[in-house]
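Engineer: Need a 3D model of the sequence below.
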Amino acid sequence: MKIHLIGIGGIGVSALAQYYLSKGHEVSGSDLVASEITDFLAKKGIKISIGNYAENIAKDLDLVVYSPAVKKDNPELLQATHYKLQTKSYPEALGDLTKEYYTIAVSGAHGKSTTTAMIALILAKAGLDPTVIVGTKLKEFGNSNFRSGGEVRSQKLGVRSYLVIEACEYDSSFLHYSPKIIVVTNIDKEHLDYFKTFANVKKAFKDFIAKLPRPGEPGYPGFLVDKYPEKVIKKIKNILKVPGTHNVSNATLAFQVAKILAIPDKIILKALSEFKGTWRRFEILKEANKVKGPKGYPSYTLISDYAHHPNEISATLKAAREKYPNKKIWCVFQPHQHQRTYYLFNDFVKTFRSVPIDKIIITDIYDVAGRETKTINKEVNSKMLVEKINKKSVSYIPLCDIEGFVKENIKLGDVLIIMGAGDIYKLADKF
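Structural biologist: Have a look, this model is predicted:
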């Protein structure tokens, strides 16, 4: 098959592109800007086009997959419709795959990527050879967000092909999936630009849970994991390398999924003890030492983190304080999307007033293509957020000025956390 993916630089779509490539299909894709993800895919043999143009769509394509962020008037999508090609959204295409596998779907407002990664690594360690589509990059997968798996035979469970996926609730995407096991890490006031109310968020999760196999249906009994087995928490705390109580919760969920699949405790705990974390989830890029760093910087610890919701920020920064109790901790935060900042404004204020961090810099809000409105953009900005927080340790600095400010003020042994879901991670390269 010849398959083209619009928005191929996205973390989910890029994993799906690699899946198609692993199955021998001819794969191409486009995105608005080049990135390390598009560069990675190009090296794998996927034809990448930068920019969305009608000429990227050939008449002989068998399937065109598009990111949920792609608008209906996208020139490539319009051209595909004009040629009467088969088109599917990313959730629809991934949903098709979930019907072909014994699928474990990890959902929740926070912790999806880490929990998905933990489950995937446990299954791989146990020889279950899972196919994995995850919203972050893993060193164990060759710094990729995808793992190609195969069919395995078990005396207890029979012949199976496992698929472990991250199931996002935005746009009710996860309702396209057909899982045998559902993991719900937590439910929170997230994606309110789509759901509008928390009640709608909870309803979407209830509808998702209802997709588990029923009595008499293939795959029954289905399993819902939303519990923390107390007896293993102590063991997990002792072996886990990634910090924070939220990661203990993620690990206990992964543990329980593994027990459903009859994986021995010894293998589960060994896999969890070897888990080094994921891309931009409390990712320690360098540790402080006594030697001066590049560009005249004193040596300090540099951490990159994806947190962008108030509760994620709180959990991450509390974990940082637990790990570095006597260090001065800096946080450079880029709010992600005007609508999220607008709907959760008071929650952001409460979080940044209470977190145990010495210096917080908030820079301009990252605009998310296809998910912003001009009205809300005018009603909220980072300066307004800092003014409302009204705390001496919290300040607004434009992104272009942060490097110089940090260089002049950071001291030997300090901890610097670069935080946000937008392009703020590129700032870490400058440090």
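Engineer: Could you report the pLDDT at the most centrally placed residue in the chain?
Structural biologist: Nearest to the geometric centre of the chain sits residue 135, at 4.0 Å (CA atoms, centre = their mean). pLDDT recorded at residue 135 is 86.
Engineer: show me what contacts it?
Structural biologist: For residue 135, the contact set (CB atoms under 8 Å, 6 or more residues apart in numbering) comprises 11-12, 15, 112-113, 116, 145, 166, 168. C-beta here means a position set from N, CA and C on the backbone, and glycine is covered the same way.
Engineer: Make a markdown table out of these and add distance to residue 53.
Structural biologist: Below are the contacts of residue 135 laid out as a markdown table (distance: CB to CB, whole Å):
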| residue | distance to residue 53 |
| --- | --- |
| 11 | 23 |
| 12 | 23 |
| 15 | 24 |
| 112 | 33 |
| 113 | 32 |
| 116 | 34 |
| 145 | 26 |
| 166 | 30 |
| 168 | 28 |
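Engineer: Return the member of those nearest to residue 325.
Structural biologist: Comparing the contacts of residue 135 against residue 325 with CB to CB picks out residue 113 as the nearest, at 26.8 Å.
Engineer: Could you name the specific helix or strand carrying the closest one?
Structural biologist: Here residue 113 sits within helix 112-125, counting by DSSP states H and E.
Engineer: what packs against that helix?
Structural biologist: Helix 112-125 sits against strand 102-107, strand 131-138, strand 158-166, helix 245-260, helix 265-274, with contacts defined as 3 or more CB pairs under 8 Å, 6 or more residues apart in numbering; DSSP states H and E.
Engineer: how big is the angle separating it from helix 265-274?
Structural biologist: 130 degrees (axes from the mean of the first three to the mean of the last three CA atoms, to 10 degrees).
Engineer: and helix 112-125, C-alpha only, in PDB?
Structural biologist: Extracted in PDB, the C-alpha atoms of helix 112-125 (Å, rounded to 0.1, in the frame of the first residue of the first chain):
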ATOM      1  CA  LYS A 112      -0.100   8.200  30.000                       C
ATOM      2  CA  SER A 113       3.300   8.300  28.300                       C
ATOM      3  CA  THR A 114       5.200   7.100  31.300                       C
ATOM      4  CA  THR A 115       2.700   4.300  32.200                       C
ATOM      5  CA  THR A 116       2.600   3.200  28.500                       C
ATOM      6  CA  ALA A 117       6.300   3.000  28.400                       C
ATOM      7  CA  MET A 118       6.500   1.100  31.700                       C
ATOM      8  CA  ILE A 119       4.000  -1.500  30.500                       C
ATOM      9  CA  ALA A 120       5.700  -1.800  27.100                       C
ATOM     10  CA  LEU A 121       9.100  -2.400  28.700                       C
ATOM     11  CA  ILE A 122       7.700  -5.000  31.100                       C
ATOM     12  CA  LEU A 123       6.000  -6.900  28.300                       C
ATOM     13  CA  ALA A 124       9.200  -6.800  26.200                       C
ATOM     14  CA  LYS A 125      11.200  -8.100  29.200                       C
END
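Engineer: Report the angle between it and helix 245-260.
Structural biologist: 40 degrees.
Engineer: Helix 112-125 to strand 131-138, inter-axis angle?
Structural biologist: Going by the same axes, to 10 degrees, helix 112-125 makes 120 degrees with strand 131-138.
Engineer: Indicate which one of the helices and strands packed on helix 112-125 is closest to residue 420.
Structural biologist: strand 131-138 (14.5 Å).
Engineer: I'd like the next helix or strand past the closest one.
Structural biologist: Downstream of strand 131-138, the first helix or strand assigned by DSSP H and E is strand 144-147.
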